[in-house]
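Trainee: A structural model of the following input is requested.
(one chain, ligands or ions: 1)
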Amino acid sequence: MLTIALIYPEILGTYGDGGNALVLVERARRRGIDADVMSVGIGDEMPDASIYLLGGGEDGPQRLGADLLRESTFVSRVRDGKYVLAVCAGLQLLGTSFAVEGDDEYEGLGLVRAVTRRGLTRAVGELLVRRDHDVLVGFENHGGRTELSAELEPFGVVERGRGNDGVVDGFRTSKIWATYAHGPVLAMNPWFADEILSTVLGRELEALGTVADDLYAERRAAVLHSAASSRRP
Ligand code: GLN
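Mentor: So this is what the prediction gives:
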């Protein structure tokens, strides 16, 4: 049984990131895998789950989310090996510190060594990230710039938009996927949903031929084609 915990959707769900839970559960069920979403509200106990999803949020709610998670069993569960998908504010609060509201530095959960400072401008618009043979598309809307420590692997390389710093986006550890992309990101990037599912389940998955997969294939081809033509003299 695959259990997907959607954390504090009332404060970390401003950009529809709760849709990531629906995508994971649906793509699992279509393959005959028993899967369920547990919505974890403020005041609820942190349940045992296969994967925890953290979405984006505005500065105040993000700070509240960090405090609530600090007081919960979330950090120990992740340290014990549970999986996490984190988007934007979710990404920032997993790090060492993040700056919100007038440059105040706020302590993160310290699960990875990453620092988010206030950028001079807000990054608002489309985000395009290359990751091996895949492309990740989504949109971003954040004021932070994130600096990863040297040992922390980025999620991918930014082709359009800012991500962490205009060069790379997010980070990846053996248990955590973190990106600045909303979308919800998994609805727009089914390959990413399948990477998460197959890692969490520990096995290969058969391909699905949904409309989302077809649209992604078209998008990927268009992005790679335009990258190839811009490289031609
Ligand atoms: N509050 C954070 C920032 O502006 C994150 C925003 C978000 O999650 N989209 O940087």
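Trainee: from here on, contacts and neighbour counts on C-alpha atoms
Mentor: OK.
Trainee: what is the rounded mean pLDDT of stretch 124-139?
Mentor: The pLDDT scores in stretch 124-139 average 95.
Trainee: which residues make contact with that stretch from outside it?
Mentor: Stretch 124-139 is contacted by residues 140-142, 155-163, 168-169, 180-185, 188-189, 191, 220, 223 when judged by CA atoms under 8 Å, 6 or more residues apart in numbering.
Trainee: Narrow the residues you listed to those in strands?
Mentor: Applying DSSP state E to the contacts of stretch 124-139, the entries found in strands are 140, 141, 142, 156, 157, 158, 159, 160, 168, 169.
Trainee: List the residues that contact the second one.
Mentor: Contact analysis of residue 141 by CA under 8 Å, 6+ apart lists 122, 123, 124, 125.
Trainee: who wins for neighbours among these?
Mentor: residue 123 (21 neighbours; other CA atoms under 10 Å).
Trainee: which SSE is that one in?
Mentor: Residue 123 belongs to strand 114-131 when elements are defined using DSSP states H and E.
Trainee: which bits of this structure sit near the ligand?
Mentor: With CA under 6 Å from any ligand atom as the criterion, the chain meets the ligand at residues 56, 57, 58, 59, 88, 89, 141, 142, 143, 144.
Trainee: Swap in 8 Å and give it another go.
Mentor: 12, 14-15, 55-60, 62, 87-90, 92, 99-100, 118, 122, 140-145, 180, 182 (CA under 8 Å from any ligand atom).
Trainee: Type out the PyMOL command that picks the buried ones from those.
Mentor: Those of the residues of the chain next to the ligand that count as buried under 16 or more other CA atoms under 10 Å are selected in PyMOL with:
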select buried, resi 12+15+55+56+57+58+59+62+87+88+89+90+92+99+100+118+140+141+142+143+144+145+180+182
